[in-house]
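Q: need a structure here:
(2 chains)
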There are 2 protein chains.
Amino acid sequence: MNAASIVSIGNELLNGHTTDTNATYICQQLLSIGIPVVSVYTVGDDIHKIVAALKRAADDADIVIATGGLGPTDDDITRQAFAEYSGVKLQIDSALLDKIREFFAKRNTQMPEKNTIQACIPQGASPIENPLGTAPGILVEKGGKTLFALPGVPFEMKQMFESFVLAHLKRQGGERFVVIRKVRCFGEGESAIAEKLGNLMERSRNPIINSTVDAGVITLHIVASAIDKQQAEQLAQNDLENLRSLLGDLIFGIDEQTLPEVVGQQLARLHKTVAVAESCTGGLVAKLLTDIPGSSEYFTGGWVTYSNKAKVEQLGVSARLIEQFGAVSEQVASAMAQAAKNKAQTDFSIAITGIAGPAGGTEQKPVGLVYIAVTTYNDCITKRFLFPHSRGIVRLRAALTALNMLRLALKG
Amino acid sequence: MNAASIVSIGNELLNGHTTDTNATYICQQLLSIGIPVVSVYTVGDDIHKIVAALKRAADDADIVIATGGLGPTDDDITRQAFAEYSGVKLQIDSALLDKIREFFAKRNTQMPEKNTIQACIPQGASPIENPLGTAPGILVEKGGKTLFALPGVPFEMKQMFESFVLAHLKRQGGERFVVIRKVRCFGEGESAIAEKLGNLMERSRNPIINSTVDAGVITLHIVASAIDKQQAEQLAQNDLENLRSLLGDLIFGIDEQTLPEVVGQQLARLHKTVAVAESCTGGLVAKLLTDIPGSSEYFTGGWVTYSNKAKVEQLGVSARLIEQFGAVSEQVASAMAQAAKNKAQTDFSIAITGIAGPAGGTEQKPVGLVYIAVTTYNDCITKRFLFPHSRGIVRLRAALTALNMLRLALKG
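A: Next up is the predicted model:
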């Protein structure tokens, strides 16, 4: 069975500035095509250490994925290390040089001289196209080992990994298939969900079910393995059905689906629109909705009414209502939602008002207190929440909870 | 100079479920007492691989920090690996066993038989107390090398690191202090900035200057080392001044400062307010501004006018203007900014309209085309940008560019 080893390159990984999320991503992706990662070597921008790590990685596994050190500056020396590992010299690839020049030309700037080095690859190696940046990747096949050099910038690395590396490795062929399905839940804690699953989470089962949690979203990973792909897929599918019947409405999505995406799909299917009025989340719900391509179909716009004045003047919330109940209250949340729906002439609306902190809390209204109102067909549902977390998490939890309330309302 | 190497142990680190944040933390902590980390080895729960990694780590550096694999289950084999590395046997430590029993007794449960193994340490090694869990750590000193085994659970590891490891290493005496300063730039590419720095980025200098890039933000890391702390601080400070004079207004912040934070501080200092009107960024600028605690001092609110209708009805942009020039145009960006400033009665405003993609582009107006307008004292500055990236990056680059335009306008 094929296996892989990762070499993560860069001083920023060793001085505590950057956490190596590239390795996590590559591990996930490789496992999904049945290739386990057996080791990760992290080294700084030092050519001897990089070459030593490449050799050790190639001892551990037939596939080596290196990330980082392909930029244009003097501390970017991965291409030199790949040349030294291969026992060859670097040579300039004129087609690559043209592409890099073109990248700058598109941006109406001239290529800095420094970027010439990015057109160099080891003799006998193949370049890997980078449509998102100036650093091409490198593919070296030598002595039965396949080595890839990918950029360290995550979105460039991912694009290159998905468009080139996965396809290349799939062509080489793996022997055991691993299928991973994800079931995404919102509305209960990790341990409450684990209890509902009972012995499905035992480690000796196949599939194995793991759970991870991020801002209230519980993701259950179903990892099924079998000697053929269809069998692995069937095993995973069976567990997916098991989880559906055990968890019901707690499940909002499958695999890579996000809450904003699922809500967007519901709205698009129903040909309905939504508006938002946000106080403490300050535009985050609108941002999450518009993260989704095509969201203009169901999202027309919204108001960020951070101050009381904005709530009164822009949305038309009654100043007396704010005075009587406070800006963070069920009444004001509800009034904001009604106003947003009326002014934007949408079918639904979401409104959020709360205290994100760190300052502004009182005994009656502590940091983390959030009121969320969702208007649906003839109804306005308002709920009170207490998210005892830091500012960023309070805001994200509030935004996701609002989207989940809309999801459930649209289902019912 | 002392140096350290990290061995991160656990299958979960190799199957993509867990990102190794422990290594990042340890790198930061060690660097703060002048001990650089030169390598990180990540291996699964396999005794041969763990022992091999310990040997390689001890080859690289005099200090080895291993995390993970100290739990009570069969896949936790770090203590066996430490014994094998030391060439000794495991032996039960009765004082440790008492402590583990006590841990369970405090929780009114009996110690499961499986936990006995956690009272075993290699002959000649010292246990490290774990007040937060059942897994004690291990200290081995052999052949001039100091090896620590710490739990993999982050909060247990951190507690043990801070209460024991740091103190132990400080007693051994660090010889060199490392000071890191960061200089954050926006407005030019990484290689253009590197060219301005010339030989400041040479690898043989002290301080070393590294650069990293994230969504258009270039961070220059100044890493200075010296035998005493004050000297290292002075070296870093000198380079900070060098960078200031070479890069001028490209620098927006120092150390952990972000663009939204810097813009917020400028506004607060001037006692001025800002409003936003966002189309393609869909609330992202408002979200970034309100990420900052206390932003209500200068941010009152804004409009997310995603549809043309919302631009006309909520902001009062002329429908004829949109018809004549298109929603993505200099004219509409400028009208949105003026309207936001007038309606919100703020001192300044930001407006963004563009095509975030993936759909909606034409030859004249391709995906990535963004117009940004910033109104200042008596002026409205409108600029055209082309960000040839994916939707998420187009949106983030546009939002940060808008904030940077406001920053520069407030300076001038």
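
Q: now do the SS call for A:His132.
A: Slight slip there: residue A:132 is Leu, not His. coil (DSSP: H, G, I helix; E, B strand; the rest coil).

Q: mind checking the longest helix of chain A?
A: Determined from DSSP state H, the single longest helix within chain A is helix A:391-411.

Q: are it and chain B in contact anywhere?
A: Yes - on the criterion Cβ under 8 Å from any Cβ of the partner chain, helix A:391-411 is in touch with chain B at A:Arg391, A:Gly392, A:Arg395. Where C-beta positions appear, they are placed from N, C-alpha and C, glycine not excepted.

Q: contacts only, for the residue in chain A sticking out farthest from the centre.
A: Most distant residue from the mean C-alpha position of chain A: A:Arg320, 42.7 Å away (Cα atoms, centre = their mean). If a contact means Cβ atoms under 8 Å, 6 or more residues apart in numbering or on different chains, then A:Arg320 has no contacts.

Q: what strand or helix carries it?
A: Using DSSP states H and E, the element containing A:Arg320 is helix A:319-325.

Q: quick one: low-confidence ranges for the stretch 101-250 of chain A?
A: Scanning the stretch 101-250 of chain A with the threshold set as pLDDT under 70 gives A:173-176, A:203.

Q: circling back: scan the residues of helix A:391-411 next to chain B and report the most crowded one.
A: A:Arg395 (28 neighbours; other Cβ atoms under 10 Å in any protein chain shown).

Q: and the pLDDT for that one?
A: At A:Arg395, the model reports a pLDDT of 95.

Q: ok, now the one 5 residues further on?
A: With respect to pLDDT, A:Leu400 has a value of 97.

Q: if I look at it, how far off is chain B?
A: 14 Å (Cβ to the nearest Cβ, to the nearest Å).

Q: what's the domain layout of chain A?
A: Domain segmentation of chain A under automatic domain parsing yields A:4-172, A:177-254, A:259-411.

Q: returning to that earlier point: so the helix or strand that the helix holding A:Arg320 is followed by, near chain B or not?
A: The C-terminal neighbour of helix A:319-325 among helices and strands, as given by DSSP H and E, is helix A:330-344. Yes - Helix A:330-344 reaches chain B (Cβ under 8 Å from any Cβ) through A:Lys343, A:Ala344.

Q: sheet-wise, list the partners of whatever helix or strand comes next after helix A:330-344 with their directions.
A: Under the assignment DSSP H and E, the closest C-terminal helix or strand after helix A:330-344 is strand A:348-354. In the sheet, strand A:348-354 lines up against strand A:274-278 (parallel), strand A:369-375 (antiparallel) (DSSP bridges).

Q: just curious, which of the residues of helix A:391-411 next to chain B is nearest to B:Glu256?
A: B:Glu256 has its nearest neighbour among the residues of helix A:391-411 next to chain B in A:Gly392, at 14.3 Å by Cβ to Cβ.

Q: state the pLDDT value of that closest one.
A: Here the pLDDT value assigned to A:Gly392 is 90.

Q: list the contacts for it?
A: B:Asp291.

Q: equivalent analysis for A:Phe155, please.
A: So A:Phe155 contacts A:Leu132, B:Ser390, B:Gly392, B:Ile393 (Cβ under 8 Å, 6+ apart).

Q: can you select the buried ones from these in ChimeraX?
A: Here is the ChimeraX command that picks out the buried ones among the contacts of A:Phe155, judged by 16 or more other Cβ atoms under 10 Å in any protein chain shown:
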select /A:132 /B:390,393
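
Q: okay, the contacts of A:Phe155 in CSV with distance to A:Asp60 next?
A: Below are the contacts of A:Phe155 laid out as CSV (distance: Cβ to Cβ, whole Å):
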residue, distance to A:Asp60
A:Leu132, 30
B:Ser390, 33
B:Gly392, 34
B:Ile393, 34
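
Q: now for the contacts of A:Phe155: which two are most distant?
A: Every pair of these checked by Cβ to Cβ; the farthest is A:Leu132 and B:Gly392, at 11.7 Å.

Q: which among the residues of helix A:391-411 next to chain B gets closest to B:Ser211?
A: A:Gly392 (26.5 Å).

Q: the closest one and A:Gly189: what is the separation?
A: 19 Å (Cβ to Cβ, to the nearest Å).

Q: A:Ala340 now?
A: Note on A:Ala340: its distance to A:Gly189, by Cβ to Cβ, is 31 Å.

Q: how far away is the residue most central in space within chain A from A:Ser204?
A: Taking Cα atoms, centre = their mean, the centroid of chain A lies closest to A:Glu256, which sits 8.7 Å from it. In this view, A:Glu256 and A:Ser204 are 28 Å apart by Cβ to Cβ.

Q: next, the angle from the longest helix of chain A to strand A:274-278.
A: For helix A:391-411 against strand A:274-278, the angle by axes from the mean of the first three to the mean of the last three Cα atoms, to 10 degrees is 150 degrees.

Q: report the contact partners of A:Ala83.
A: Counting by Cβ under 8 Å, 6+ apart, A:Ala83 makes contact with A:Lys89, A:Leu90, A:Pro122, A:Gln123.

Q: A:Asn15 now?
A: A:Asn15 makes contact with B:Cys27, B:Gln28, B:Leu31, B:Pro36, B:Val37, B:Ile180, B:His221, B:Val223, according to Cβ under 8 Å, 6+ apart.

Q: ok so A:Glu156 is a helix residue?
A: Yes - checked against three-state DSSP, A:Glu156 lies within a helix.
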